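Participant: no sequence on this one, just coordinates:
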Ligand SMILES: [Zn+2]
């Protein structure tokens, strides 16, 4: 699914003198936006257009793309309705996330199929959502994490077909355990536009290798919900770490992975093969609170969300907050942060025109002031949170 808000008509807006976060460097230049797209880049002061915004001292980066998020700001993608999805699209946007996958936990079979069908309908009219990430249902009972086991299924072609039919082309990522889904099925499923992502598994190295030979090219929250690396029985981790083309999710909230483990992953994987995700749950952005999530009571202290037995139940850190944290803790450049949070996720879904600043790309942009605070988000050229008639950027920035 390609974002459906395409339009290249209307006034040309010039973002003058902005520090642009490009894939390989920072560049102070003029950025020209028309309709939903980036029209071009021009040397500073030379951009010509209909509306000029003085962005001297400001940074403009691609909006972030979260491929694994169960909700936030009180919205639960598994249980809530279309209006809540719309509110979520705005809240994610205000935080700096311009596109996302609604990530669904597994549930009782009939309920889950109905939920996928319903979600597919919501997504048709809300372009912030690129589709669904279904975290299951073909997973290992031994590594359920915080997911409800009642939804776990043995694999069958009929069940897979029912999921694909309910999703009507919106299923973009499916987390699966290689010991549950036969490797011979992976390429067929992926031919329907689904990226098969290894996770919630106790697969042996051999089973993991077979899944990779079968076409799997992604891993869900690397290290979490899978066995530790052992020198005689390496399990899935050795293959996922050492196979360059396997793109691995990392939850960079500072709770799910030790900081040095994260540093190690970023060092051994090729730069294009790591995707930062939030794995955020509905209490994200709500401070200390308690809620029912994925069939269990979850308490958040504002930093960690856990079930009663202490199991981590996703994160309560939005993707931008995790990325800013990563920038500070690991000393990463702005370009690297945007690679992990925007261009790699876009590549994961094979969407070359989002997730980066370049001519002809979607105008999904975030604007940061000189203190690094986010002051505006543009999704497809429109300011998020401003309403249809609202200003594109704060009026104080406009100079024409
Ligand atoms: Zn998850």
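Facilitator: Received it, and whenever you're ready, just let me know what you need. Values in this document were obtained by computation on a predicted structure and should not be read as measured data.

Participant: center of the protein - which residue?
Facilitator: residue 66 (1.5 Å; Cα atoms, centre = their mean).

Participant: list the contacts for it?
Facilitator: Counting by Cβ atoms under 8 Å, 6 or more residues apart in numbering, residue 66 touches 92, 97, 99-101, 277-278, 280, 319, 345. The way it works is simple: take the backbone N, C-alpha and C, and place the C-beta from them, glycine included.

Participant: from those residues, which are also near the ion?
Facilitator: Applying Cβ under 5 Å from the ion, the subset of these adjacent to the ion is empty.

Participant: The longest helix seen in the chain: what's the following helix or strand?
Facilitator: Using DSSP state H to define each element, the chain has its longest helix at helix 109-124. Per DSSP states H and E, helix 109-124 leads on to strand 129-135 as the next helix or strand towards the C-terminus.

Participant: which neighbours does that following strand have in its sheet, and in what orientation?
Facilitator: strand 97-104 (parallel), strand 171-176 (parallel) (DSSP bridges).

Participant: what's the angle between it and helix 109-124?
Facilitator: Between strand 129-135 and helix 109-124, the angle comes out at 160 degrees (axes from the mean of the first three to the mean of the last three Cα atoms, to 10 degrees).

Participant: thinking again about what came up before, in the longest helix of the chain, which of the residues would be classed as buried?
Facilitator: Buried residues in helix 109-124, counted by 16 or more other Cβ atoms under 10 Å: 112-113, 115-117, 119-120, 122-123.

Participant: What average pLDDT does stretch 266-274 get?
Facilitator: If you average the pLDDT over stretch 266-274, you get 98.

Participant: Is residue 335 in a helix, a strand, or coil?
Facilitator: Under DSSP: H, G, I helix; E, B strand; the rest coil, residue 335 falls in the helix class.

Participant: Would you agree it is in contact with residue 20?
Facilitator: No: in this structure residue 335 lies outside contact range of residue 20 using Cβ atoms under 8 Å: 10.2 Å.

Participant: Residues that sit against both of the two, list them.
Facilitator: In contact with both residue 335 and residue 20: residue 26, using Cβ under 8 Å, 6+ apart.

Participant: residues in contact with residue 278?
Facilitator: Contacts were defined as Cβ under 8 Å, 6+ apart; by that measure residue 278 touches 66, 68-69, 72, 251, 253, 284, 315, 317-319, 322.

Participant: Please name the spatially closest residue to it (chain neighbours excluded).
Facilitator: residue 319 (4.3 Å; Cβ to Cβ, 6 or more residues apart in numbering).

Participant: quick one on the thing from earlier: now, which of the buried residues of helix 109-124 sits nearest residue 32?
Facilitator: The nearest member of the buried residues of helix 109-124 to residue 32, counting by Cβ to Cβ, is residue 123 at 30.3 Å.

Participant: picking up where we left off before, tell me which of residue 335 and residue 20 has more neighbours.
Facilitator: A count of neighbours by other Cβ atoms under 10 Å puts residue 20 above the other of residue 335 and residue 20, at 22 against 18.

Participant: The stretch 251-400 of the chain against the ion: which residues are in contact?
Facilitator: Applying Cβ under 5 Å from the ion, one finds that the stretch 251-400 of the chain approaches the ion through residue 279.

Participant: mind listing the helices for the stretch 251-400 of the chain?
Facilitator: Applying DSSP state H, counting those that start in this stretch to the stretch 251-400 of the chain gives helices spanning 259-268, 319-330, 334-338, 344-348.

Participant: for the ones you listed, which one ends up most surrounded?
Facilitator: Of all these, helix 344-348 has the most neighbours on average by mean count of other Cβ atoms under 10 Å, namely a mean of 23.

Participant: That helix - contacts with which helices or strands?
Facilitator: In terms of contacts (3 or more Cβ pairs under 8 Å, 6 or more residues apart in numbering; DSSP states H and E), helix 344-348 is packed against strand 64-69, strand 247-251, strand 274-277.

Participant: And the average pLDDT for the longest one is what?
Facilitator: On average, the pLDDT along strand 64-69 is 98.

Participant: filter the contacts of residue 278 to the buried ones?
Facilitator: For the contacts of residue 278, a burial check counting by 16+ other Cβ under 10 Å picks out 66, 68-69, 72, 251, 253, 284, 315, 317-319, 322.

Participant: Could you break this structure into its assigned domains?
Facilitator: Following automatic domain parsing, the chain resolves into domains at 12-62+355-397, 64-348.

Participant: just those domains: most buried one?
Facilitator: Among the domains of the chain, highest average neighbours (mean count of other Cβ under 10 Å) belong to domain 64-348, with a mean of 20.

Participant: Could I get the contacting residues of whichever residue of the stretch 251-400 of the chain sits closest to the ion?
Facilitator: Nearest residue of the stretch 251-400 of the chain to the ion: residue 279, at 4.4 Å (Cβ to the ion). Applying Cβ under 8 Å, 6+ apart to residue 279 gives the contacts 68-70, 103, 221, 249, 251, 256, 314-315.

Participant: Try it again at 7 Å.
Facilitator: Residue 279 makes contact with 68-69, 221, 251, 314-315 under the criterion Cβ atoms under 7 Å, 6 or more residues apart in numbering.

Participant: So which elements touch whichever helix or strand residue 94 is part of?
Facilitator: Using DSSP H and E, residue 94 sits in helix 82-95. Under the contact criterion of 3 or more Cβ pairs under 7 Å, 6 or more residues apart in numbering; DSSP states H and E, helix 82-95 touches strand 71-72, strand 75-76, strand 374-379.

Participant: which residue packs closest to the closest residue to the ion within the stretch 101-250 of the chain, ignoring adjacent ones?
Facilitator: Taking Cβ to the ion, the ion has its nearest neighbour within the stretch 101-250 of the chain at residue 135, 4.8 Å off. Nearest residue to residue 135, sequence neighbours excluded (Cβ to Cβ, 6+ apart): residue 175, at 4.5 Å.

Participant: does that neighbour really touch residue 196, like I thought?
Facilitator: No: judged on Cβ atoms under 7 Å, residue 175 makes no contact with residue 196 at a distance of 8.4 Å.

Participant: rewinding a little: looking at the contacts of residue 66, spot the one nearest residue 47.
Facilitator: Ranked by distance to residue 47 (Cβ to Cβ), the contacts of residue 66 are led by residue 99 at 25.9 Å.
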